[in-house]
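Trainee: here are the coordinates; sequence isn't available:
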């Protein structure tokens, strides 16, 4: 966990609350007691029934028609193990700090949060002592990633298969299970509820029901009727305590007005339109990314509004069981084609730490990110390998977005042309059409939306091959090919690291002269350009050499005044093998390359 994550958690505990006491006003609604809600025997058991052993997990469903799967977790860890903290955060602490009146303490213990070894996440509420209003522990977890959302013109669907706690109105007073989302701006200090909260599933007191709610606007009253929010009211959810059901929400930015649609077992039971509030309130609360939360609260304003407790009959051991959770995305109408930035060599002005390298922003994974140093300006640059006619760019920022930046293109990685400017729009999902050409594309960020760095989950670029970018063919020939070297510093810095397309890995040689790194292109090619992305330990003197047999070498470039950094060399030659032959080092260490790229035809 980074220092920033620690700070964000501390802030969030005081600024955000699930439904706050948002559904209290529902107590006055005539439908507060559902027709058909079961009544139970007067003396329930003191411990909730465990999930039947026969219940088997289901696979994460394929994406609905028109969607692709962005991310999912089906909780396949070993029995009684905790969650992967690279994917999930434990939001542990006293429920009283959440601002909702809860009385449980959420923990990191596998007594309260665990994978059951049968493909399920379990959040379990446990009680000790004789006072029903104290002594409760339970679980609350949220995704590390907060980049889940819909681009303008697109749709995002968040879905989970859940069994609510197997309790009833007779023994479940005070139980408050939930599956919900908070807007990522909350993580950089934008207040609740203006930053948005989408409650996908809430139930209280074992009532065999579901509530869906949007919280937005201001903390009391306002356009979203807080602290109640804009909600579905109570809807019947027959069998939801005893079996798994799917709960989902779609945020649809392809319609006018935009919509949030709520689903139970695939049936749309409630819809909110953007026209129900003013445009600014909707944009601030909805048109951005989110992080996902599961929790099992005890007590609080919502259960109390419906006569909840807990009380002397409330059982210990109730479980919120999650079979899977998935995020699906549908792109805007009209195909943009292939993301040409994905997997391409990517560099940056800085990185917050080794956990957040530049390559994370072009790996196609919305749960990894690049994060810069905490200063302005900063840049992130991708080498597309050849010139493209660029038609579109999509940037998915973390909450710590760039408030102002330019998209720039270049044919040589040195001289830049600004093709798009974002002036003080800190929204974290940004999408723009382009009419530009270039082999290199960079984000040049000049102002941050927070005191932290510029943090980007993904840069996606679209276009068609163009011309330029080298003296001849401009195809990247070396990536993923067989690479060997005269030596390696150790097993962590091997030759293949220099041709893997990942600027977070590197080759490093022994600490002596001379040393070489070579790549086998698999066949003879005409070579037009070589790009060396040096680590701090670079060569001041080296040659670029080609060979047809890996034994007899021809020098196509030579220098004794190398300066390190990223060096783009236009060369003329041919061969199956290309090598960097280093003859003098700039430091007492070895030769070290993040990437060794050979281009040609």
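Mentor: Noted; the coordinates are in hand. The model shown is predicted, which means the values in this text are computed figures rather than measured ones.

Trainee: ok, now how distant is residue 479 from residue 84?
Mentor: 29 Å (Cβ to Cβ, to the nearest Å). Using the backbone N, CA and C atoms, a C-beta is placed for each residue, glycine as well.

Trainee: repeat for residue 434
Mentor: As judged by Cβ to Cβ, residue 434 and residue 84 stand 37 Å apart.

Trainee: So for these two, which sits in the more crowded spot?
Mentor: Neighbour count, other Cβ atoms under 10 Å: between residue 434 and residue 84, residue 434 has more, with 19 against 12.

Trainee: In contact with the more buried one, which residues are there?
Mentor: By Cβ atoms under 8 Å, 6 or more residues apart in numbering, the residues touching residue 434 are 390, 391, 392, 393, 407, 419, 420, 463.

Trainee: again, 10 Å this time
Mentor: 389-393, 407, 409, 419-420, 441, 461-463 (Cβ atoms under 10 Å, 6 or more residues apart in numbering).

Trainee: repeat for residue 259
Mentor: Neighbour list for residue 259: 155, 250, 251, 252, 253, 268, 271, 272, 273, 274, 275, 286 [criterion: Cβ under 10 Å, 6+ apart].

Trainee: Residue 226: neighbour count?
Mentor: 22.

Trainee: Need the per-residue pLDDT for it.
Mentor: On pLDDT, residue 226 comes in at 96.

Trainee: same thing with residue 66?
Mentor: So residue 66 comes in at 92 (pLDDT).

Trainee: I figured it hits residue 328, correct?
Mentor: Yes. Contact status for residue 66 versus residue 328: in contact at 9.3 Å, counting by Cβ atoms under 10 Å.

Trainee: So for the two, which sits in the more crowded spot?
Mentor: Taking neighbours as other Cβ under 10 Å, residue 66 and residue 328 compare with residue 328 leading, 23 against 11.

Trainee: Against residue 562, how distant is that one?
Mentor: Using Cβ to Cβ, residue 328 is found at 48 Å from residue 562.

Trainee: before we move on, the earlier item: next, show the common contact partners of residue 66 and residue 328.
Mentor: Common neighbours of residue 66 and residue 328, counting by Cβ under 10 Å, 6+ apart, are residue 155.

Trainee: Which residues outside stretch 74-85 are in contact with it?
Mentor: 1, 57-60, 73, 88-90, 108-111, 113-122, 139, 141, 144, 161, 321-326.

Trainee: So for that stretch, first residue to last residue, what's the gap.
Mentor: Using Cα to Cα, to the nearest Å, the end-to-end distance of stretch 74-85 comes to 15 Å.

Trainee: for stretch 130-144, same thing?
Mentor: The straight-line separation of the ends of stretch 130-144 (Cα to Cα) is 36 Å.

Trainee: List the buried residues for that stretch?
Mentor: 132, 135, 136, 137, 138, 139, 140, 141, 142, 143, 144 (16 or more other Cβ atoms under 10 Å).

Trainee: tally of neighbours for residue 446?
Mentor: Residues near residue 446, counting by other Cβ under 10 Å: 18.

Trainee: Now which of the contacts of residue 259 would you call buried?
Mentor: For the contacts of residue 259, buried by 16+ other Cβ under 10 Å: 155, 250, 251, 252, 253, 272, 273, 274, 286.

Trainee: State the helix or strand in which the spatially closest residue to residue 145 that is not a sequence neighbour lies.
Mentor: Spatial nearest neighbour of residue 145, excluding adjacent residues (Cβ to Cβ, 6 or more residues apart in numbering): residue 367 at 4.1 Å. For residue 367, there is no enclosing helix or strand under DSSP states H and E.

Trainee: and residue 367, what is it in contact with?
Mentor: 70-71, 73, 86-87, 143-148, 327, 360, 457-458.

Trainee: likewise residue 578?
Mentor: So residue 578 contacts 477-478, 481, 517-521, 525, 527, 530, 544-547, 553, 556, 571, 596-598, 600 (Cβ under 10 Å, 6+ apart).

Trainee: Mind doing that once more with 7 Å?
Mentor: Neighbouring residues of residue 578 by Cβ atoms under 7 Å, 6 or more residues apart in numbering: 518, 519, 521, 527, 530, 544, 546, 598.

Trainee: can you check residue 579 too?
Mentor: 516, 517, 518, 545.

Trainee: Could you pull up phi and psi at the second one?
Mentor: Spelled out, it's residue 517. Dihedral pair for residue 517: phi -130, psi 130, per degrees, to the nearest 10.

Trainee: distance of the spatially closest residue to residue 483 that is not a sequence neighbour from residue 486?
Mentor: Distance criterion Cβ to Cβ, 6+ apart; nearest residue to residue 483, sequence neighbours excluded, is residue 495 at 4.1 Å. With distances taken as Cβ to Cβ, residue 495 is found 9 Å from residue 486.

Trainee: picking that back up, can you tell me which of the buried residues of stretch 130-144 lies closest to residue 215?
Mentor: residue 142 (16.1 Å; Cβ to Cβ).

Trainee: and that closest one, what pLDDT?
Mentor: On the pLDDT scale, residue 142 is placed at 98.

Trainee: Quick check: bridge partners of it?
Mentor: residue 89, residue 293 (DSSP bridges).

Trainee: Verify the contact between it and residue 91 for me.
Mentor: Yes. At 5.7 Å, residue 142 and residue 91 qualify as touching, with contact defined as Cβ atoms under 7 Å.

Trainee: Which parts of this protein are helices?
Mentor: Ranges of helices in the chain, per DSSP state H, are 3-15, 279-286, 301-305.

Trainee: Among the ones you listed, show the one with the smallest mean pLDDT.
Mentor: The bottom spot among those, by mean pLDDT, belongs to helix 3-15, with a mean of 33.

Trainee: Low-confidence ranges, this structure, go.
Mentor: 1-57, 424-426, 467-474 (pLDDT under 70).

Trainee: Now with 50, please.
Mentor: 1-45, 50-54, 468-473 (pLDDT under 50).

Trainee: residues near the nearest residue to residue 232 once chain neighbours are set aside, how many?
Mentor: Using Cβ to Cβ, 6+ apart and skipping the chain neighbours, the partner closest in space to residue 232 is residue 270 (3.7 Å). Neighbour count for residue 270, taken as other Cβ under 10 Å: 20.

Trainee: Let me see the contact set for residue 204.
Mentor: So residue 204 contacts 175, 176, 302, 303, 306, 308 (Cβ under 7 Å, 6+ apart).

Trainee: hang on, I meant residue 466
Mentor: Residue 466 touches 387, 388, 389, 437, counting by Cβ under 7 Å, 6+ apart.

Trainee: rerun at 8 Å
Mentor: Residue 466 touches 386, 387, 388, 389, 437, counting by Cβ under 8 Å, 6+ apart.

Trainee: for residue 505, what are its contacts?
Mentor: By Cβ under 8 Å, 6+ apart, the contact set of residue 505 is 497, 594.

Trainee: one more time with 10 Å, if that's ok
Mentor: Applying Cβ under 10 Å, 6+ apart to residue 505 gives the contacts 357, 359, 492, 493, 494, 496, 497, 498, 594, 595.

Trainee: ok, it to residue 586 distance?
Mentor: 21 Å.

Trainee: and if you look at residue 361?
Mentor: Distance from residue 361 to residue 586, by Cβ to Cβ: 28 Å.
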